[in-house]
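J.: Test case, fold it:
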Amino acid sequence: MANEHYGRFIEDAFVKPIRSVLIVDDDYPTFDEMLDLEIAHTGEGRPGRTPKKWYDNPKRIKAVIDSFRRPERPMLVDIHDGRNVDARGDAKVAAHLHQSDLLVLDYELDKSKPGDGQRAIDILRSLMSNDHFNLVVVHTSEDLDTVYREIIVGLLPPSPDRTTPEETAAANDLMADREEEDEDFADKIRASIARDQYLHARLYPDGYSRIMSKAQQPYADFAGLATEAGWSPDERRLILRHMLKTFEDGVRNRMNPEAPQGMKWSASGTKWVKTDSIFIAFSEKADKDDLIGDLQTALEAWNPEPSRLFLAKLRAEMDEYGVVAQSAALEKRHALAHWYDRLLKTSGAERRWLIAESVGRHSDQLLHLISGRVERFATELVDAEAAVGDPNERSLHHFNIDLSKEDIRKRAAREHNAFVCSKPPQGWHLTTGHVLQIDDDYWVCLTPACDLVPSQGGERAAAYGSRLPFVAVKLHELRAGKALDVNSNLYIFLNFGEEIKSFGFNSSGKEGAAPQWRMLYAEGRGVFGEDRILKVAMMQPGKRRLISVVKSATIVSQLRYEYALNLLQKLGISLTRIGLDFVN
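T.: Okay, here's the model as predicted:
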């Protein structure tokens, strides 16, 4: 649970920005029903009463709606009864689902199937597939524990950890041997690995086996049976994986095969579920419903890290003040006219380059005007955090990272270095700072960016036809753990998935040593597609003369511009150095 002072910032970043609420519940009245009732009062015939529960207690429904329309929090409320939700799974509850800031979702939308929440799960799956971050409160009169587990299973993809046929056969043999001594053993072992154990293993994929080996919950019963069977530690782990797979096979048809891995949920206490695009809180229907309060409690239990709050606040400020900032960004009309005039007078690759440049300038202006508000929010948050505890303790609380440990501190420094000096590759043509992998080697492009625009070059580029000449410096990969003087400006750090690799600008790591550089030639004027693969020609020695060899080059990373300029400057110094005739 987030500390009390931290909850205020969670509210500022996630709850206060809510402006619209969509309630999807087949017990709520629709506009059609209310209009029909009004018609009945005018004497034009009384409509038939529907089986919806709001007739029995309309004050509770009104109280829920009024809770979203308080003076301090006036929200736009819309109601949908879920009638057009396709039971086959094509859950599209009107086109405005993704436009609502908060979705209040009833679990049982099909009263013909008591306790069935498939329609609600279908809606949640559809929200998971869009790019808008959605806040959801599942509001239900069903048993909350059951609803919670069913939703997790319905949103989870199957586990990537699957036993091989050989492992399955070995596990079955071990269990069969034990059944010869205890004929009820199969039922006992199946009972020991059920939904709770499966969800725990999915939530802690790297640690559940270790917890089982210590005979801790929720694996205590399984560990006891394994001890009775006399299984070795490796055999226990094998049987556990096999039983988890067996349970998954039984619920696989209810899982979400299209969902990405990485979903999180609460292990105990306040219930919540989190994916990249959706956060789900849970609330029981009662006489006095406080859905915003339940959402706030769930968000605090999730305890989003400060960095996430910064970004959430940025999104909120963009929504709230983006129009005002946009107007301010458009004040320099002469400059805007000049930019647009350039776009209209160009074509092809040059226009594409200028459009990217213009969009970048507009974005910089807009963010500059918004960022001040976010900085004030961040300042208040950091000041409040600094006043309540040791910095290491706060980092451990929010990120589960113990910076007091040397190995953790080193990894944090490496991740920081990789973040500040490199980023995922961007753009549509080769540019300064792009890192290319050619065979097993890495090269960084260090030709000035203006010479790499496909439409530029004129007479200089004409001699090479469709090939774009560029200078590349070979990067020398360093062994992990090597001590580096990072402030020598000779090293860069790149992200490769979960791995961070460090590279030197030259092979010796010394300031005066020359780098290994080549003139390479990118085919197609350096333009690449979504795969970021280029054909690059490079000179190599043949039997009698130099020959040009065309190789495939993949752009795997990109240096941030100031770090690319640093290496470009070092290359320039190396190429213009003067040899003097001193002796030691």
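
J.: mind checking the longest helix of the chain?
T.: Longest helix of the chain, by residue count under DSSP state H: helix 348-386.

J.: Next secondary structure after that one?
T.: helix 391-399 (DSSP states H and E).

J.: next SSE after that next one?
T.: helix 406-421.

J.: Partner strands of the helix or strand just after that following helix and their direction?
T.: The C-terminal neighbour of helix 406-421 among helices and strands, as given by DSSP H and E, is strand 422-423. Strand 422-423 pairs in its sheet with strand 546-559 (antiparallel), by DSSP bridges.

J.: Just the buried positions in the strand it pairs with, please.
T.: 553, 555, 556, 557, 558, 559 (16 or more other C-beta atoms under 10 Å). The way it works is simple: take the backbone N, C-alpha and C, and place the C-beta from them, glycine included.

J.: Contact partners for the first one?
T.: Taking C-beta atoms under 8 Å, 6 or more residues apart in numbering as the definition of contact, the neighbours of residue 553 are 436, 437, 438, 443, 522, 533, 534, 535, 536.

J.: before we move on, the earlier item: with distance to residue 217 and pLDDT as extra columns, can I get the buried residues of strand 546-559 in a markdown table?
T.: Converted to a markdown table, those look like this (distance: C-beta to C-beta, whole Å; pLDDT from 0 to 100):
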| residue | distance to residue 217 | pLDDT |
| --- | --- | --- |
| 553 | 53 | 94 |
| 555 | 49 | 95 |
| 556 | 44 | 95 |
| 557 | 44 | 94 |
| 558 | 47 | 95 |
| 559 | 49 | 95 |
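
J.: hang on, the earlier thing: so which of the contacts of residue 553 sit within strands?
T.: 436, 437, 438, 443, 522, 533, 534, 535, 536 (DSSP state E).

J.: Give me the buried entries from those.
T.: Here, 16+ other C-beta under 10 Å leaves 436, 437, 438, 443, 522, 534, 536 buried among the ones in strands among the contacts of residue 553.

J.: hmm, back to that, and the angle from the longest helix of the chain to helix 391-399?
T.: 120 degrees (axes from the mean of the first three to the mean of the last three C-alpha atoms, to 10 degrees).

J.: Give me the residue ranges of the stretch 151-300 of the chain where confidence is low.
T.: For the stretch 151-300 of the chain, the stretches with pLDDT under 70 are 287.

J.: mind listing the strands in it by residue range?
T.: 264-265, 272-274, 278-284 (DSSP state E, counting those that start in this stretch).

J.: how about CSV for the ones you listed, with distance to residue 338 and mean neighbour count added?
T.: Compiled in CSV, the strands of the stretch 151-300 of the chain are given as follows (distance: least, C-beta to C-beta, whole Å; neighbours: other C-beta atoms under 10 Å):
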stretch, distance to residue 338, mean neighbour count
strand 264-265, 49, 16
strand 272-274, 46, 20
strand 278-284, 43, 22
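
J.: Let me have those strands in a markdown table, extended by distance to residue 17.
T.: Converted to a markdown table, the strands of the stretch 151-300 of the chain look like this (distance: least, C-beta to C-beta, whole Å):
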| stretch | distance to residue 17 |
| --- | --- |
| strand 264-265 | 22 |
| strand 272-274 | 18 |
| strand 278-284 | 13 |
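
J.: I'd like to know which of these is closest to residue 59.
T.: strand 278-284 (17.8 Å; C-beta to C-beta).

J.: ok, back up a step: can you name every helix or strand that the longest helix of the chain contacts?
T.: helix 4-10, helix 306-329, helix 333-345 (3 or more C-beta pairs under 8 Å, 6 or more residues apart in numbering; DSSP states H and E).

J.: Now the longest one - C-alpha only, CSV.
T.: Read that as helix 306-329. The C-alpha trace of helix 306-329 is given here as CSV (Å, rounded to 0.1, in the frame of the first residue of the first chain):
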residue,chain,number,x,y,z
PRO,A,306,7.2,8.0,-9.3
SER,A,307,8.4,7.9,-12.9
ARG,A,308,5.0,6.5,-14.0
LEU,A,309,3.3,9.3,-12.1
PHE,A,310,5.4,11.9,-13.9
LEU,A,311,4.3,10.5,-17.3
ALA,A,312,0.6,10.1,-16.2
LYS,A,313,0.7,13.7,-15.1
LEU,A,314,2.1,14.7,-18.4
ARG,A,315,-0.7,13.0,-20.3
ALA,A,316,-3.3,14.6,-18.0
GLU,A,317,-1.8,18.1,-18.4
MET,A,318,-1.7,17.6,-22.2
ASP,A,319,-5.4,16.8,-22.1
GLU,A,320,-6.3,19.6,-19.8
TYR,A,321,-4.1,22.4,-21.1
GLY,A,322,-3.0,21.2,-24.5
VAL,A,323,-5.3,23.5,-26.4
VAL,A,324,-4.0,26.6,-24.5
ALA,A,325,-0.4,25.4,-25.0
GLN,A,326,-1.2,24.8,-28.7
SER,A,327,-2.4,28.3,-29.1
ALA,A,328,0.8,29.7,-27.5
ALA,A,329,2.9,27.4,-29.7
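
J.: Sounds good, over and out.
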